[in-house]
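**Q** generate a structure from the sequence data that follows.
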Amino acid sequence: MTISVLQEKQISPGGAFASSLALAFTSSITAGSAIHAIFQYNGAVQTVNFSDNNGNTWPAGTLDNFNDPGNSSTCHQVLNNANAGATTITATITGSSTNFLCLWIKEIGGAATTGSPDGHNGVNSTSTTSQNISATNTSQPALISVLVSNDSTQEVPVLDASLTASSINPGWNYGGATSSTVAGHKRITSTGLQTLTNTQASADSLNAVMAIFLEAGGAAVPMGPKLAFINP
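**A** Sure, this is the predicted structure:
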């Protein structure tokens, strides 16, 4: 099975204060899929953990957890080899309750059951119209999963042209009248540094995360030529 995004969903309930936010996938998860969960919340960086109601054990903490000064913090995490069945993802802050919580979840089908993310990153840029985000993968084929958010003026960002845009874009209304977050993905058959450039019309904040998921049966980069020594 070629790696792909099978389904995704997002929620941003608004200004009510809370320490957790839950979101259920529309359809049951396929056994062995990977899940990419991205969470945004108001204020400084706090400890965040992800969990679900379907018996999966999520890695502790987050892959990247960073702050847009004066606005939100953004983090994400990856689950490999998910159990089949109806699944609700919960992001939980272990510190103080806050508001403007947002959660975006993706099911990645055809992923290897171990080893993801092969690379990941999280970037905040202030007062910019163009932002690069990069991560390095060592195996291919693979799938890059990306989310980009403007949490200041609520302008809708423009994804890197190489990405397939999510069918539910735009999402996440972070405290404003406009949904100002977009997600995308693409399958790659190369290894090395993968760089994406996301843009917006006005100079303002951009927050982006990316994670690279291994395709089942993918190949690692060879470590170099092998030498054979033969005795005469």
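
**Q** in the helix or strand of the chain with the lowest mean pLDDT, what counts as buried?
**A** Lowest mean confidence among the helices and strands of the chain (mean pLDDT, DSSP states H and E): strand 192-220, at a mean of 93. By neighbour count on 16 or more other CB atoms under 10 Å, the buried set for strand 192-220 is 194, 196, 198, 200, 204-215, 218. For every residue, glycine as well, the C-beta is placed using N, CA and C.

**Q** now stretch 173-187
**A** For stretch 173-187, burial by neighbour count (16+ other CB under 10 Å) applies to 173-175, 179-187.

**Q** quick check, nearest of these to Phe25?
**A** Ala183 (14.8 Å; CB to CB).

**Q** quick check: closest non-adjacent residue to Asn81.
**A** The shortest distance from Asn81 to any non-neighbouring residue, by CB to CB, 6 or more residues apart in numbering, is to Thr113 (3.9 Å).

**Q** now Ala111
**A** Ala34 (3.9 Å).

**Q** again, but for Phe100
**A** Leaving aside its chain neighbours, Phe100 sits nearest to Asn42 (4.2 Å; criterion: CB to CB, 6+ apart).

**Q** and the one you found, how many residues sit next to it?
**A** 17 (other CB atoms under 10 Å).

**Q** which parts of this protein are strands?
**A** Using DSSP state E, the strands of the chain run over 4-14, 20-24, 34-42, 48-52, 64-67, 72-79, 88-93, 101-109, 119-137, 139-149, 164-165, 181-188, 192-220.

**Q** mind listing what's buried in the fifth one?
**A** So that's strand 64-67. Applying 16+ other CB under 10 Å to strand 64-67 flags 64-67 as buried.

**Q** so what's Ser19 up against?
**A** Taking CB atoms under 8 Å, 6 or more residues apart in numbering as the contact definition, Ser19 lies against 92-98.

**Q** in helices, which of those fall?
**A** Under the assignment DSSP state H, the contacts of Ser19 contribute nothing to helices.

**Q** so can I have TSV of the residues you listed showing pLDDT?
**A** TSV is the format used below for the contacts of Ser19 (pLDDT from 0 to 100):
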residue	pLDDT
Thr92	98
Ile93	97
Thr94	94
Gly95	89
Ser96	91
Ser97	95
Thr98	95
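
**Q** make a PyMOL selection of the buried ones in the residues you listed.
**A** Here is the PyMOL selection string for the buried members of the contacts of Ser19, based on 16+ other CB under 10 Å:
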select buried, resi 93+98
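
**Q** out of the contacts of Ser19, which is nearest to Ala18?
**A** Ser97 (5.8 Å).

**Q** the closest one contacts Leu21, doesn't it?
**A** No. With contact defined as CB atoms under 8 Å, Ser97 does not count as touching Leu21 (11.1 Å).

**Q** list the contacts for the residue nearest to Asn81?
**A** Neighbouring residues of Thr113 by CB under 8 Å, 6+ apart: 32, 80-81, 216.

**Q** can you rerun that using 7 Å?
**A** Contacts for Thr113 (CB atoms under 7 Å, 6 or more residues apart in numbering) come out as 32, 80-81.

**Q** what's the answer for Thr164, then?
**A** The neighbourhood of Thr164, defined by CB under 7 Å, 6+ apart, consists of 184-186.

**Q** got a markdown table for the buried residues of strand 64-67, with pLDDT and distance to Asp151 too?
**A** Below are these laid out as a markdown table (pLDDT from 0 to 100; distance: CB to CB, whole Å):
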| residue | pLDDT | distance to Asp151 |
| --- | --- | --- |
| Asp64 | 97 | 16 |
| Asn65 | 97 | 15 |
| Phe66 | 96 | 12 |
| Asn67 | 95 | 10 |
